[in-house]
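K.L.:
A structural model of the following input is requested.
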Amino acid sequence: MKILVFGKDGQLGNAFNALFDSLVLPSDVHIQYVGRSDCDISNGQAINNFLEQFKPSLILNAAAYTAVDKAETEVELAYAINAKAPEIMANYAAGHGATLLHYSTDYVFDGKKNGFYIESDIRNPLGVYGKSKAAGEELIEQVFERASQGQFAIFRTSWVYGDGSNFIRTILRLAKERSELNVIHDQYGIPTSAQWLAEISIDFLLNQNFHLKKFASGIYHAVPSGETTWYELALLAIGTALGAGVSLKLGVESIKPILAVEYPLPAPRPQNSRMDNAKLRLVIEDVSDVSKLHYWNQPWDEDVRSYVNQLVKNGLI
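P.N.:
So this is what the prediction gives:
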């Protein structure tokens, strides 16, 4: 089996690389990682050439245009990467009987719902980034509506952190530079570890013999259980670093909660990014052994603590 991973330079791409390196793979499993230097995914022909050359049976699309504010002025580029590229991958998968796992975002919603979003809730993105990701979801669905073979899943996730730039690392960097910090406390979501996301993706897709599973094509919310705010996440990250002995200018008492309207940005953000994971949870629990329940039983905050402690151990704070 051939596995093609787009987005090798990102947090999720790095997590897939680390995960596959930790596994004993059968000799017939071949993995190709694709980054910016390998293939310009804003160029449709380049994507097609790569797919036809490698001929994957599984495509993991962890690549995306994620500069939320820059997307407001780089509209064409955002749509090329977040909408057109996934459509090309879907066309290949549908035409060759392959499997596509594409990653999307909470930004496809406007954040006005009370409570947790489910997969069937209406998409109503606020900014260009969210609109381009919503367009990518719709194009994939349209391709497979016409297809007689292949399968797809779209994993919507949120607040991802891993090996790369993310909110937690930014907050910890600022905590070494500043003695006071304002953090938004009225936007809600679920921090998602890239490692967690990679592991649950592989359990969803592959059996113990690394053969592709059959699953119901569609959208799944791939986030841990629970909820928090950016402010509470900042408190947890800084408190964990201080508890691990890191010297910071900033203490938790010097973090001030503010409203989102007090921190205006070029692109609007959803106020509520909470997503219900029940649909994916049922699939994983149905097809996996009891040891897989740790995906849902371990609170998101324990993963954040482990992540920060690992950063400390690796000298990255």
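
K.L.:
for this structure, what spans make up the helices?
P.N.:
11-22, 44-54, 75-79, 85-96, 128-145, 167-177, 194-205, 230-243, 278-287, 294-297, 300-313 (DSSP state H).

K.L.:
C-alpha coordinates for the first one, CSV please?
P.N.:
Output for helix 11-22, consisting of C-alpha atoms alone and laid out as CSV, is shown next (Å, rounded to 0.1, in the frame of the first residue of the first chain):
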residue,chain,number,x,y,z
GLN,A,11,2.3,20.3,12.8
LEU,A,12,0.1,17.4,11.7
GLY,A,13,2.6,16.3,9.0
ASN,A,14,5.3,16.2,11.6
ALA,A,15,3.1,14.1,13.9
PHE,A,16,2.4,11.6,11.1
ASN,A,17,6.1,11.4,10.4
ALA,A,18,6.9,10.7,14.1
LEU,A,19,4.0,8.2,14.4
PHE,A,20,4.9,6.1,11.3
ASP,A,21,8.6,6.2,12.4
SER,A,22,7.5,4.6,15.7
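
K.L.:
any low-confidence regions in the stretch 201-317 of the chain?
P.N.:
Applying pLDDT under 70 to the stretch 201-317 of the chain flags the ranges 286-294.

K.L.:
still on that earlier bit, among the helices of the chain, which is nearest N61?
P.N.:
helix 85-96 (5.7 Å; C-beta to C-beta). (Each C-beta comes from the backbone N, C-alpha and C, glycine too.)

K.L.:
tell me the angle of the closest one relative to helix 44-54?
P.N.:
For helix 85-96 against helix 44-54, the angle by axes from the mean of the first three to the mean of the last three C-alpha atoms, to 10 degrees is 40 degrees.

K.L.:
who does the residue nearest in space to the middle of the chain bridge with?
P.N.:
Among the residues of the chain, the one closest to the centroid is T157, at 4.8 Å (C-alpha atoms, centre = their mean). T157 has the following beta-bridge partners by DSSP bridges: T105.

K.L.:
Quick check: it vs R169, distance?
P.N.:
Between T157 and R169 the computed distance is 18 Å (C-beta to C-beta, to the nearest Å).

K.L.:
Likewise for I118?
P.N.:
Where R169 is concerned, I118 sits at a distance of 31 Å (C-beta to C-beta).

K.L.:
Among the two, which residue is more densely surrounded?
P.N.:
More neighbours surround R169 than the other of I118 and R169, with 19 against 14 (other C-beta atoms under 10 Å).

K.L.:
could you list every residue that touches that one?
P.N.:
Residues in contact with R169 (C-beta atoms under 8 Å, 6 or more residues apart in numbering) are 161, 311, 316.

K.L.:
V308 versus that one, what's the distance?
P.N.:
Counting by C-beta to C-beta, the gap from R169 to V308 is 9 Å.

K.L.:
Wait, L250 touches N182, no?
P.N.:
No - checked against C-beta atoms under 8 Å, the pair L250 and N182 is beyond contact range at 11.4 Å.

K.L.:
Just send the helices of the chain back as JSON lines, with distance to A153 too.
P.N.:
Listed next are these as JSON lines, based on distance: least, C-beta to C-beta, whole Å:
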{"stretch": "helix 11-22", "distance to A153": "14"}
{"stretch": "helix 44-54", "distance to A153": "18"}
{"stretch": "helix 75-79", "distance to A153": "22"}
{"stretch": "helix 85-96", "distance to A153": "11"}
{"stretch": "helix 128-145", "distance to A153": "10"}
{"stretch": "helix 167-177", "distance to A153": "26"}
{"stretch": "helix 194-205", "distance to A153": "7"}
{"stretch": "helix 230-243", "distance to A153": "27"}
{"stretch": "helix 278-287", "distance to A153": "9"}
{"stretch": "helix 294-297", "distance to A153": "16"}
{"stretch": "helix 300-313", "distance to A153": "22"}
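
K.L.:
Which one of the ones you listed lies nearest to D186?
P.N.:
Proximity to D186, assessed across those by C-beta to C-beta, is greatest for helix 230-243 (8.5 Å).
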